[in-house]
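>>> Fold the stuff below for me.
(one chain, ligands or ions: 1)
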Amino acid sequence: MLFRTHVLFGVLVWFILDRFVEMPGFVLGFVLLGSVFVDVDSLKSKVGKRLWFVAWFLRHRGFLHSLVGCLVLSSVVGLFNLWAGFGFFIGYVSHLVLDCFTCMGLKVFWPFGFRVRGFIRSGSWVEDVLFVLVLLLDVWLVFNSLF
Ligand SMILES: [Zn+2]
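Numbers count the residues shown, from 1 in each chain. Below is the predicted model:
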């Protein structure tokens, strides 16, 4: 999935969760960080291009695109601040969920080889439709929370 889809989906997940859990405002920043950071293992991603030295050492959709990676990195962030770790975890999971719907899929239970795959090609018209739907939901939730 593309950067923009991950960002909007992270926002959507935060909006839904915010209705059930009272969170400090800065948590949204860590949700966004978690939702885009995961692709640091790809030199084609926006984050991977900026932090190219990380992508040299990690295989795309390997450790970082797994629940193990999610738990390890979210715990590290959580050592500094529990809410930050929680937000990072939520964003991270939202990224993994979306990537599970792609044709390439994910080894969610890495190091085990079982791969979860979907039917969406990254950057395809199907992702564009998903992007617009998530965007509309985000806009609706913003207006709903304001009025
Ligand atoms: Zn990804």
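
>>> Tell me which stretches of the protein form helices.
3-18, 27-37, 46-50, 52-57, 67-80, 82-100, 125-146 (DSSP state H).

>>> And the ion, is the second one touching that?
It stands for helix 27-37. No: applying C-beta under 5 Å from the ion, one finds helix 27-37 out of contact with the ion, separated by at least 9.0 Å. For every residue, glycine as well, the C-beta is placed using N, CA and C.

>>> That helix vs helix 82-100, what angle?
Relative orientation of helix 27-37 and helix 82-100, computed by axes from the mean of the first three to the mean of the last three C-alpha atoms, to 10 degrees: 40 degrees.

>>> which parts of the least confident helix or strand in the chain by mean pLDDT are buried?
Of all the helices and strands that make up the chain, helix 52-57 has the lowest average by mean pLDDT, DSSP states H and E, namely a mean of 82. Across helix 52-57, burial judged by 16 or more other C-beta atoms under 10 Å covers 54-55.

>>> Give me the residues contacting it.
Helix 52-57 has contacts (C-beta atoms under 8 Å, 6 or more residues apart in numbering) with 40-43, 48.

>>> Can I have the buried ones of the residues you listed as a PyMOL selection?
Buried residues among the contacts of helix 52-57 (16+ other C-beta under 10 Å), as a PyMOL selection:
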select buried, resi 40+41+42+48
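
>>> ok now do residue 7, which residues does it touch?
With contact taken as C-beta under 8 Å, 6+ apart, residue 7 is in contact with 32, 35-36.

>>> okay but residue 138 is in contact with residue 13, surely?
No: Residue 138 is beyond contact range of residue 13, at 10.3 Å (criterion: C-beta atoms under 8 Å).

>>> what about these two, which has more around it?
residue 13 (21 against 18; other C-beta atoms under 10 Å).

>>> what's near enough to touch the closest residue to the more buried one other than its chain neighbours?
Leaving aside its sequence neighbours, residue 13 sits nearest to residue 94 (C-beta to C-beta, 6 or more residues apart in numbering; 4.4 Å). By C-beta under 8 Å, 6+ apart, residue 94 lies in contact with 6, 9-10, 12-13, 31, 34-35.
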